[in-house]
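# mind looking at a prediction? Sequence and model below.
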Amino acid sequence: MDLKNQSQEKSSLFWIHHFSAIKSIKSLFRKTDPELRMPVLDAVRLLAFSIVLTSHAMMWHVIINTGFLVEDYEYVKTLPSKLYMQPIIDDWITEGLFYLGGVSAALSLFRKMKPETPVSEYLKFIFRRAALLVPILLPAMAIEVILPLFGSGPIYQSINQYRSNICVNNFWRTILHIQNNSNPLQICASSTWSIAVEWQLFALACILVYIYKRNYRLGLTLNVLTIVLGLYRVILIFLNRNIMPLIVMTSKGLSDILHRAENYYATTEAHIWSYFGGILFIVLLAGNYEAKIKQMFPHDKIWVYSLCVFLTFIKSVWNCFGMQIEPVTTVIYILFNKFVAALWCVSTLLHHGREVRRLLAQSKSIDMYIHPEECDSGLRTPNKDTIAKTKNSELLKTETPNDNRNHPSKIGKVDPLEVIIRVLRPAFFVHSVVYAWYFTSLRSSIPSNLFGYMAQIVCLVSLTTFFGLIFHILVIGPVGRINYISSKRKIKAKTHSS
């Protein structure tokens, strides 16, 4: 009886002892296998988190000061016409973030799925990805609901009570990951729209990978067609729905910005081309096609980043010089925008093909062609028959054997870059609440100079990071440990049953 009572006590405390602040803080510094990571992806993720936190702070700053502080309205209204503001009033960087999502999805799916993997396994993968986010989204939405209780001011109650009511009525959309199909003002935890878009794109990516695993050429054809149709659909969205080409234009108001966000920015179809572009580029890197690209376009980074600088200032023809919006100029700008965004994304990973092939060489599936690294002619491009028949390189497997993954030399260091990402990730789930509390309390005003403005934004992002750390200790850390241990228990149960 004592043993039975002890086992029952252990099972009842299984969930509780994982809610430890010490364990949550230690999880930020856990060691990972360097063979299963790509530093360039970590760097892009860090850039993504930094851009999101900073740009949203600036957005709240502008909206509150122009909408409720009359003395600052005229000053803020003229900002989009300033030349130095052009690099930060466009959203083309968003395409790069969804491209990164496609790259991560491709690496995960190509490594885990086999040609004989049934459809049911793909469905489990899709719904498991959605379910793992629900325990994190629920507390984030709960904070939105109770936010009116933690402040006061002339506009605090009206704005935050409205946001609270939205969450009470529409929280189920966020749980189902379909909140991006609503009006931006009707989304509970509005910053999570990108999570919904990425999950929906991931479901489509699973279908494509399923086809890739059974017929490589058919999958490649469908991948290219999906990118082309995605670009065509973007052009139709802008023309048929009368959407302004830029997220901020001097001739447009807040209603036009919300119209653009609802009909383009937060829609899944607008980001299909970039997400599936990431999948296609992983396939090309696996076959060492980047060698041919380097041969055709040497010194790619010089002219790619030059085009990026040109893109950041091309919008000044509308904002600074007052050019009229025309369908032809809109289409030209969209195509140039997407072209440069695609080049930037490609150049980011172009010189990391060997790391991609090393990751894919550890795959459970050996059906996908991976260029053999023992060929000294690094610029050799495989032909179509080789792609269809050649198996994974045995050399890559011997370079990164599974038996050495737990070797102290493999797992012995804490990567500072990864620690920073783990610290910033929780801030994403609470930053909209922190910004709403800060700005609706009217604790801000327009600084007198650029240094004061940047200092205010940096302090606000730092405050958000602090509250994000608390959110990690209370929610993300415990949920992550429980999910990890639960998955290990299921694997052990399957092993014993077999």
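That came through fine. Numbers count the residues shown, from 1 in each chain.

# pLDDT on the host helix or strand of residue 224, on average?
Element membership for residue 224, per DSSP states H and E: helix 216-240. Over the span of helix 216-240, the pLDDT mean works out to 92.

# just how off-centre is it within its chain?
Offset of helix 216-240 from its chain centre (CA atoms, centre = their mean, to the nearest Å): 21 Å.

# try stretch 428-443
Put simply, stretch 428-443 sits 21 Å off its chain's centre (CA atoms, centre = their mean).

# before we move on, back to that, pLDDT of the helix or strand following the helix holding residue 224, averaged?
Next helix or strand after helix 216-240 toward the C-terminus (DSSP H and E): helix 254-260. Taken as a whole, helix 254-260 has a mean pLDDT of 82.

# show me what counts as buried in helix 254-260.
For helix 254-260, the neighbour count (16 or more other CB atoms under 10 Å) marks 256-257, 259-260 as buried. Every C-beta, even on glycine, is put in place using the N, C-alpha and C of the backbone.

# quick check, nearest of these to residue 107?
Lowest distance from residue 107 to these (CB to CB) belongs to residue 260, with 32.0 Å.

# show me the contacts for the closest one.
Applying CB atoms under 8 Å, 6 or more residues apart in numbering to residue 260 gives the contacts 243-244, 247.

# columns distance to residue 317 on top of the buried residues of helix 254-260, output as CSV?
Formatted as CSV, those follow (distance: CB to CB, whole Å):
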residue, distance to residue 317
256, 18
257, 19
259, 22
260, 18
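
# pick the one among those residues closest to residue 221.
residue 260 (32.8 Å).

# how close does that closest one sit to residue 425?
For residue 260, the distance to residue 425 equals 28 Å [CB to CB, to the nearest Å].

# what does residue 16 give?
The separation that residue 16 has from residue 425, given CB to CB, amounts to 24 Å.

# same check, this time on residue 452
29 Å.

# of these two, which one has the most company?
More crowded of residue 452 and residue 425, by other CB atoms under 10 Å: residue 425, with 16 against 12.

# just the pLDDT at that one, thanks.
Residue 425 carries a pLDDT value of 89.

# could I get the contacting residues of it?
By CB under 8 Å, 6+ apart, the residues touching residue 425 are 49, 468, 472, 476.

# secondary structure element holding it?
Residue 425 is part of helix 416-440, with elements assigned from DSSP H and E.

# related to what we said a few turns ago, ok, the contacts of residue 425 vs residue 267, which is closest?
Nearest to residue 267 out of those is residue 49 (CB to CB; 22.8 Å).

# and the closest one, how far from residue 271?
Between residue 49 and residue 271 the distance is 18 Å, computed by CB to CB.

# those two: who's more crowded?
Comparing residue 49 with residue 271 by other CB under 10 Å, the one with more neighbours is residue 271, at 26 against 22.

# skipping adjacent residues, who's closest to the more buried one in space?
Using CB to CB, 6 or more residues apart in numbering and skipping residues adjacent in sequence, the residue nearest residue 271 is residue 98, 4.4 Å away.

# does the one you found touch residue 275 like I think?
Yes - using CB atoms under 8 Å, residue 98 is in contact with residue 275, at 4.9 Å.

# shared neighbours of these two, anything?
198, 201.

# neighbour count winner among those two?
Neighbour count, other CB under 10 Å: between residue 98 and residue 275, residue 275 has more, with 29 against 25.

# just to revisit the earlier point, and which of the buried residues of helix 254-260 is nearest to residue 119?
residue 260 (37.1 Å).

# residues contacting residue 89?
80, 246-248, 315, 319.

# now the residues you listed: which count as buried?
80, 246-248, 315, 319.

# check which helix or strand covers the spatially most central residue of the chain.
Taking CA atoms, centre = their mean, the centroid of the chain lies closest to residue 97, which sits 5.0 Å from it. When elements are assigned from DSSP H and E, residue 97 belongs to helix 93-112.

# give me the mean pLDDT for that helix.
Averaged across helix 93-112, the pLDDT comes to 86.

# what comes up buried for that helix?
For helix 93-112, a neighbour-count test (16+ other CB under 10 Å) marks 93-111 as buried.

# done for today, thanks.
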